[in-house]
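Engineer: Show me the folded form of this:
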Amino acid sequence: MPTDNYGNSYEVTDRGTNSQGNNYDVRDYGSGNANDNTYHYSNQDGSYAYSNPNGSSYYNSGDGYAQYTKSDGSGWTDSGNGKTAK
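Structural biologist: Here you go, the predicted model:
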């Protein structure tokens, strides 16, 4: 089984290219997590997005904008000038 950057094991349950030409995979971390099915997108425009088993998510536009959202809705955005709390 593959592991993520934090050492968590997962199984890829779906993988492909959507109608916009963006690559994705769906990862199953099992029922012991806040978000047991996560996604990873790598988009044609250079952006990417993913969700984590703890319920958080991350988006990066590929041109200087990033956003991180925790499972409770808090988090930050960064437009290249430093992080701003959500």
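
Engineer: What is the three-state secondary structure of the residue nearest the centre of the chain?
Structural biologist: Nearest residue to the geometric centre of the chain (Cα atoms, centre = their mean): residue 50, 1.0 Å. Using DSSP: H, G, I helix; E, B strand; the rest coil, the structure places residue 50 in strand.

Engineer: Next one: it from residue 24, what distance?
Structural biologist: 10 Å (Cβ to Cβ, to the nearest Å). Quick note: C-beta positions are derived from backbone N, CA and C, even for glycine.

Engineer: Could you give the number of residues near the residue lying closest to residue 44 once chain neighbours are set aside?
Structural biologist: In space, and not counting its chain neighbours, residue 44 is closest to residue 21: 4.9 Å by Cβ to Cβ, 6 or more residues apart in numbering. Residue neighbour count, defined by other Cβ atoms under 10 Å, stands at 9 for residue 21.

Engineer: And for the one 5 residues further on?
Structural biologist: Using other Cβ under 10 Å, residue 26 is surrounded by 16 other residues.

Engineer: three-state assignment of it?
Structural biologist: Secondary structure state of residue 26, per three-state DSSP, is strand.

Engineer: I figured it hits residue 16, correct?
Structural biologist: No: the criterion here is Cβ atoms under 8 Å, and residue 26 misses it with residue 16 at 9.3 Å.

Engineer: what about stretch 36-46, how long is it end to end?
Structural biologist: Its first and final residues considered, stretch 36-46 spans 26 Å by Cα to Cα, to the nearest Å.

Engineer: ah, wrong one, I meant stretch 1-16
Structural biologist: Stretch 1-16 has an end-to-end distance of 19 Å (Cα to Cα).

Engineer: do stretch 4-14 as well
Structural biologist: End to end - Cα to Cα - stretch 4-14 spans 16 Å.

Engineer: before we move on, what about stretch 40-55?
Structural biologist: Its first and final residues considered, stretch 40-55 spans 13 Å by Cα to Cα.

Engineer: same question, stretch 52-63
Structural biologist: 22 Å.

Engineer: Could you give me the buried positions within that stretch?
Structural biologist: 52, 53, 56, 57, 59, 60 (16 or more other Cβ atoms under 10 Å).
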